[in-house]
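Student: A structural model of the following input is requested.
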Amino acid sequence: MKISFSTLGCPRWSWQEILATACDLGYSGVEVRGVGKDISVPSIPAFSDENLEKTKADLKRLNLTIPCLDSDCCIHLRETEKATTAEIKAYIQLAQKLGVPYVRIMATAPVPQPVGAVDEAYVQARTVELAHEAMAHGVKLLIETHGVWSDSEKLARLMSTVSCEGVGVLWDVHHPYRFMHEKPEVTYQNLRPWLCHTHIKDSSVTDDGYHYALPGFGDIPLEEIAGVLRDGGYEGFYSLEWVKRWDTTLEEPGIVFAHFANYMRTL
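Tutor: Predicted coordinates for the structure are as follows:
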């Protein structure tokens with residue numbers, strides 16, 4: 001089982017601290033969604049042209065990979081189309097230089113809950129356009145089970161109309177279960193043809209919604225999810241997305257990253 005953690009979970013750590021922790025705790029990779037004050041991955045100093053070769057050498061020396069670069073580019077917004085295209089191209093080019101297979105994009109509002117509506121025909125056209133750009137660079141864009149796309153049947157319908165090797169699916173295991181009440185087997189079967197990467201989260205229901213919990217301490221059926229993936233032959237990463245950057249009340253990264261590594265080994 002290949003495990004990684006997203007840098008969302010350690011917003012105050014330096015890149016070197018992130019790499020050292022991942023190595024010490026036996027992780028296989030680090031998923032990148034900002035480092036320090038730089039939330040846009042192409043702006044992170046470690047990935048600048050002058051530092052890129054050292055960064056790649058450090059990753060190799062520590063036997064770590066980057067499974068995915070996570071953008072917050074929202075391809076459903078017509079009014080930001082030009083800027084979004086430019087930013088996604090920057091992510092694609094960086095991924096190619098780093099040898100990273102995937103770039104996460106958004107196709108709905110950047111909030112977990114399925115709120116609002118999207119023009120599905122526009123999203124489909126944009127996905128095809130950008131997926132061909134990614135494919136030309138040996139990279140694949142991933143649309144996450146997020147927002148309105150937490151409905152895995154809806155996302156599967158979109159993917160079936162795209163028919164391009166330059167796009168796949170990222171299964172955030174929290175959202176379809178929490179918001180759409182989908183059984184893990186249903187989500188997996190809907191998304192299996194396109195599934196490339198996973199985000200692992202846990203949470204507990206509260207009076208006003210839910211609260212994120214340490215993996216195994218909430219009520220998301222993570223053991224069942226891991227079993228569905230394993231039985232289906234999934235070989236990608238199980239990546240912890242601990243949203244500490246957005247919620248500073250959550251437990252500190254050193255505690256959570258160690259716990260996740262130990263917990264996933266029990267599965």
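Student: In the chain, where is pLDDT below threshold?
Tutor: Across the chain, nothing is flagged by pLDDT under 70.
Student: Tell me where it has helices.
Tutor: 15-24, 52-61, 81-98, 120-136, 152-162, 174-180, 184-191, 222-231, 253-265 (DSSP state H).
Student: want to throw those into JSON lines with distance to Lys2?
Tutor: C-betas here are computed from N, CA, C, even on glycine. Below are the helices of the chain laid out as JSON lines (distance: least, CB to CB, whole Å):
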{"stretch": "helix 15-24", "distance to Lys2": "12"}
{"stretch": "helix 52-61", "distance to Lys2": "14"}
{"stretch": "helix 81-98", "distance to Lys2": "17"}
{"stretch": "helix 120-136", "distance to Lys2": "22"}
{"stretch": "helix 152-162", "distance to Lys2": "23"}
{"stretch": "helix 174-180", "distance to Lys2": "19"}
{"stretch": "helix 184-191", "distance to Lys2": "18"}
{"stretch": "helix 222-231", "distance to Lys2": "11"}
{"stretch": "helix 253-265", "distance to Lys2": "10"}
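Student: Between these, which one is closest to Asp202.
Tutor: helix 222-231 (6.1 Å; CB to CB).
Student: What residues of that closest one count as buried?
Tutor: Buried positions in helix 222-231, judged by neighbour count with 16 or more other CB atoms under 10 Å: 222, 225-226, 228-229.
Student: hmm, what's the outermost residue in the chain?
Tutor: Distance from the C-alpha centroid of the chain peaks at Asp207, with 27.8 Å (CA atoms, centre = their mean).
Student: quick one: that residue and Thr266, what's the gap?
Tutor: Using CB to CB, to the nearest Å, we find Asp207 at a distance of 31 Å from Thr266.
Student: repeat for Pro221
Tutor: 15 Å.
Student: if you count what's nearby, which of these two comes out ahead?
Tutor: A count of neighbours by other CB atoms under 10 Å puts Pro221 above the other of Pro221 and Thr266, at 15 against 8.
Student: what about the spatially closest residue to the more buried one that is not a sequence neighbour, how many residues close to it?
Tutor: Nearest non-adjacent residue to Pro221, counting by CB to CB, 6 or more residues apart in numbering: Pro184, 6.1 Å away. Neighbour count of Pro184, defined by other CB under 10 Å: 21.
Student: Does Pro184 touch Asp231 like I think?
Tutor: No - with contact defined as CB atoms under 8 Å, Pro184 does not reach Asp231; the gap is 10.9 Å.
Student: which residues do these two both contact?
Tutor: Residues touching both Pro184 and Asp231 (CB atoms under 8 Å, 6 or more residues apart in numbering): there are none.
Student: which one of the helices of the chain lies closest to Gly216?
Tutor: helix 253-265 (5.1 Å).
Student: and the angle for that closest one with helix 222-231?
Tutor: For helix 253-265 against helix 222-231, the angle between stretch directions is 60 degrees (axes from the mean of the first three to the mean of the last three CA atoms, to 10 degrees).
Student: Pull the contacting residues for the residue farthest from the centre of the chain.
Tutor: Counted by CB under 8 Å, 6+ apart, Asp207 has zero contacts.
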